[in-house]
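> One predicted model, sequence on top.
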Amino acid sequence: MTTSPSRATPDVTDLTRPFWDAAREGRLAIQRCAGCAHYNHPPRTACDACLSTNLAFADVSGKGAVWSFTVMHQKSVAGFEDAVPYLTALVELDEQPLLLLVTNLPGADPSTLRIGHRVHVIFEPLQDGLQLPQFVLDHARLPLSSHLEGAGGEITP
Ligand SMILES: [Zn+2]
């Protein structure tokens with residue numbers, strides 16, 4: 001399963017523009033509160049942690065781990081009808097617990113994918129210079145301390 005979803009164009013708004021502008025330049029930038037340093041994603045009008053509206057964007061490492069995933073088999077999402085089956089995953093960035101981004105994990109095999117697999121960001125070119133942050137597996141060893149099912153082995157693509 002290596003087919004990319006035929007996704008719709010991102011709806012760039014004033015609130016999300018810094019995220020997409022950074023992605024155009026190959027950077028992953030996440031909204032961060034100037035008051036308490038909490039990351040918010042997707043971007044908000046007020047900080048989730050302290051309700052401050054003093055928000056900016058900060059570059060992050062683009063490194064994280066698979067937090068959850070599913071394989072979509074139903075053709076119920078507009079623009080993705082021809083892509084089934086495809087992976088949809090949540091990645092937790094290293095910068096903050098529960099700082100989650102949605103990705104398709106291009107190249108990942110659902111039969112060997114496990115929660116906790118290490119990933120890093122790549123940028124998938126779309127139309128008009130837009131780039132979609134996606135995550136791919138690091139192919140590194142899982143953390144030895146992981147308590148998650150299936151953890152502890154060598155990851156193979
Ligand atoms: Zn805050």
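On my side now, so go ahead. Residues are numbered from 1 along each chain as shown.
> What are the boundaries of the strands in this structure?
Here the chain has its strands, by DSSP state E, at 29-33, 39-40, 55-59, 63-72, 86-93, 100-103, 118-125, 131-137.
> What residues are bridge-paired with the residue nearest to the spatial centre of the chain?
Nearest to the geometric centre of the chain sits L101, at 3.4 Å (CA atoms, centre = their mean). Taking DSSP bridges, one obtains V91 as the residues bridged to L101.
> quick revisit: adding mean pLDDT as columns, could you present the strands of the chain in CSV?
Output for these, formatted as CSV (pLDDT from 0 to 100):
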stretch, mean pLDDT
strand 29-33, 98
strand 39-40, 98
strand 55-59, 98
strand 63-72, 97
strand 86-93, 96
strand 100-103, 97
strand 118-125, 96
strand 131-137, 95
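> Any idea which of the ones you listed gets closest to T9?
strand 131-137 (9.9 Å; CB to CB). All C-beta spots, glycine's among them, are computed from the backbone N, C-alpha and C.
> List the contacts of the closest one.
Identification of contacts with strand 131-137 by CB atoms under 8 Å, 6 or more residues apart in numbering yields 7, 10, 23-24, 26, 28, 62, 64, 89, 91, 101, 103-108, 113, 117-126, 155, 157.
> so what strands line up beside that strand?
strand 118-125 (antiparallel).
> buried stuff in the partner strand?
118-123 (16 or more other CB atoms under 10 Å).
> if we take those, which one ends up nearest to D14?
When the buried residues of strand 118-125 are compared against D14 (criterion: CB to CB), the nearest one is F123, at 21.9 Å.
> Provide a list of residues in contact with the closest one.
Counting by CB under 8 Å, 6+ apart, F123 has contacts 23, 26, 131-134.
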